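Participant: pasting the sequence and the predicted coordinates here, then a few questions.
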Amino acid sequence: MSLEIGIVKQIFRYPVKSMAGESLQSSALGWHGLENDRRFAFRRMEDSGGFPWLTAGRLASLLRYQPFWSENGAEAKPVLHVRTPEGKELEASSEALRAEIAEAYGNDVQLMQFKHGIFDEAAISLITQGTIYGLGIECGKLLDVRRFRPNIVIESMTAEPFAEDQWVGRVLQFGSDDEPEISITLRDVRCAMLNLDPDTAESDPVVLKSVARINEVCAGVYATVTKTGTVSVGQKLYLKSL
């Protein structure tokens with residue numbers, strides 16, 4: 001048995017870790033998340049620890065860089081480019097972009113590509129519109145969904161904030177029985193990146209403080225893929241029984 005809980009409202013992927021995301025109408029969902037999601041990241045060369053990636057937590061302006069794929073002829077593979085805050089369009093692998101990021105960060109960086117992506121906790125992140133709206137009321141401001149950097153935004157049957165917290169340990173099915181499924185593994189514990197405006201990169205600490213006050217610093221959930229396929233905006237979502 002399964003319970004219909006809502007629909008897929010928006011889909012986002014983030015080709016370069018901590019840079020702006022791309023809004024999609026549909027995407028292939030594989031064992032390692034959405035196709036081309038977080039397959040690139042800038043490594044901080046001075047850090048030899050287990051998490052050397054440059055994130056907006058260390059360089060807020062990364063959020064204002066916009067990756068996009070450019071076609072190089074009908075038979076060639078698309079090439080990843082990045083539009084800088086000043087409007088320059090550079091290949092992601094170019095020395096010009098690497099040098100610009102390194103100068104802004106204040107230390108050397110290196111762009112790396114990963115076959116299976118580089119994720120903080122799990123390959124898929126989800127959040128409901130009800131959670132974003134509820135937090136906005138608590139903050140006293142309209143919150144842009146991009147602050148939360150989700151892969152999938154859900155329009156649930158109810159507007160209850162943090163309804164997704166109750167899905168941990170359950171399986172979420174997209175569409176019919178032959179379509180993708182994901183297993184909700186844990187709540188998304190937020191960090192100071194949530195304070196950053198996606199357009200200006202300016203910080204407003206009231207956002208994270210509000211999440212801490214009303215939901216133990218958690219907003220949204222993480223998931224792993226248990227059945228591959230295609231996810232699309234408008235697709236119905238079903239929560240499977242335990």
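Facilitator: Noted; the coordinates are in hand. Numbering: from 1, shown residues only.

Participant: elements contacting the helix-or-strand element of the chain with minimal mean pLDDT?
Facilitator: Least confident helix or strand of the chain, by mean pLDDT, DSSP states H and E, is strand 66-70 with a mean of 93. Using 3 or more Cβ pairs under 8 Å, 6 or more residues apart in numbering; DSSP states H and E as the contact definition, the elements that strand 66-70 packs against are strand 79-83. C-betas here are computed from N, CA, C, even on glycine.

Participant: buried stuff in the strand it packs on?
Facilitator: Within strand 79-83, the residues that qualify as buried by neighbour count (16 or more other Cβ atoms under 10 Å) are 80-83.

Participant: so what secondary structure elements neighbour it?
Facilitator: Packed against strand 79-83 by the contact rule (3+ Cβ pairs under 8 Å, 6+ apart) you find strand 66-70, strand 89-91.

Participant: packed most tightly, which of those would that be?
Facilitator: strand 66-70 (a mean of 15; mean count of other Cβ atoms under 10 Å).

Participant: where exactly do the helices run in this structure?
Facilitator: With DSSP state H, the ranges of helices along the chain come out as 95-105, 129-139, 206-215.

Participant: now the ones you listed as a markdown table including distance to residue 50?
Facilitator: Output for the helices of the chain, formatted as a markdown table (distance: least, Cβ to Cβ, whole Å):
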| stretch | distance to residue 50 |
| --- | --- |
| helix 95-105 | 19 |
| helix 129-139 | 30 |
| helix 206-215 | 24 |
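
Participant: nearest to residue 30, out of the ones you listed?
Facilitator: Minimum separation from residue 30 across these (Cβ to Cβ) falls at helix 129-139, 25.8 Å.

Participant: list the contacts of residue 231.
Facilitator: 8, 11, 26-27, 29, 34, 152, 174, 180 (Cβ atoms under 8 Å, 6 or more residues apart in numbering).

Participant: and it, how far from residue 101?
Facilitator: According to Cβ to Cβ, to the nearest Å, residue 231 and residue 101 sit 31 Å apart.

Participant: what does residue 62 give?
Facilitator: 8 Å.

Participant: intersection of neighbour lists for these two?
Facilitator: What both residue 62 and residue 101 touch, as defined by Cβ under 8 Å, 6+ apart, is the set residue 54.

Participant: point out where the chain drops to low pLDDT.
Facilitator: 72-75, 242 (pLDDT under 70).

Participant: just checking, what's the longest strand in it?
Facilitator: Scanning the chain for the longest strand, with DSSP state E as the assignment, gives strand 2-13.

Participant: what subset of the contacts of residue 231 is buried?
Facilitator: For those, buried by 16+ other Cβ under 10 Å: 8, 11, 27, 29, 34, 152, 174, 180.

Participant: next, the buried residues of stretch 218-231.
Facilitator: 218-225, 227, 231.

Participant: oh sorry, the question was meant for stretch 184-203
Facilitator: For stretch 184-203, burial by neighbour count (16+ other Cβ under 10 Å) applies to 184, 187-188, 190, 193-198.
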